[in-house]
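This is a predicted model, with the sequence first.
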Amino acid sequence: MTTTGAGAEAPSVADTVEPPVVTDHDHGIHGYHHQKDEHLKRLRRIEGQIRGLQRMVDEDVYCIDILTQVSASTKALQSFALQLLEEHLRHCVADAALKGGAEVDAKVEEATKAIGRLLRT
């Protein structure tokens, strides 16, 4: 501490520096971690849909019926992607925002590019 002209002690720079924020992200825990089992279950269901498509082609099913199943599989993957994106925003981007600095810009840019890729599909 330093003393001011009035005799009161003013905090020194070392006294005002806050310790760094440590979050789950620092320990390698990703946003989807808490729902990992549900995500794996969902992906297995989508995998089953894709196998069903293979079977439909192998069995010479009518093309419109196959396209209907392709649409359902595509929607399922898009829904999964949106859920994962939301978790990324809530966890990884929010973590970067807490810490501040250049990491915030990098995470926002990363998320923006991911959204762009999702929109192109």
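On my side now, so go ahead. Small disclaimer: the values here were computed from a predicted structure and weren't measured.

hey, let's count contacts and neighbours off CA atoms from now on
Will do.

next helix or strand past the lengthiest helix in the chain?
Selection of the longest helix in the chain by residue count, based on DSSP state H, yields helix 63-88. Reading on from helix 63-88 to the C-terminus, the next helix or strand found by DSSP states H and E is helix 94-99.

next one: that next one to chain centre, how far?
13 Å (CA atoms, centre = their mean, to the nearest Å).

Show me what that helix is packed against.
Applying 3 or more CA pairs under 8 Å, 6 or more residues apart in numbering; DSSP states H and E, we find helix 94-99 packed against helix 102-120.

sorry, back to before: orientation of the longest helix of the chain relative to helix 102-120 in degrees?
Counting by axes from the mean of the first three to the mean of the last three CA atoms, to 10 degrees, helix 63-88 lies at 170 degrees to helix 102-120.

let's number from 864 now, not from 1
Sure thing, new numbering starts at 864, so read that last one as helix 926-951.
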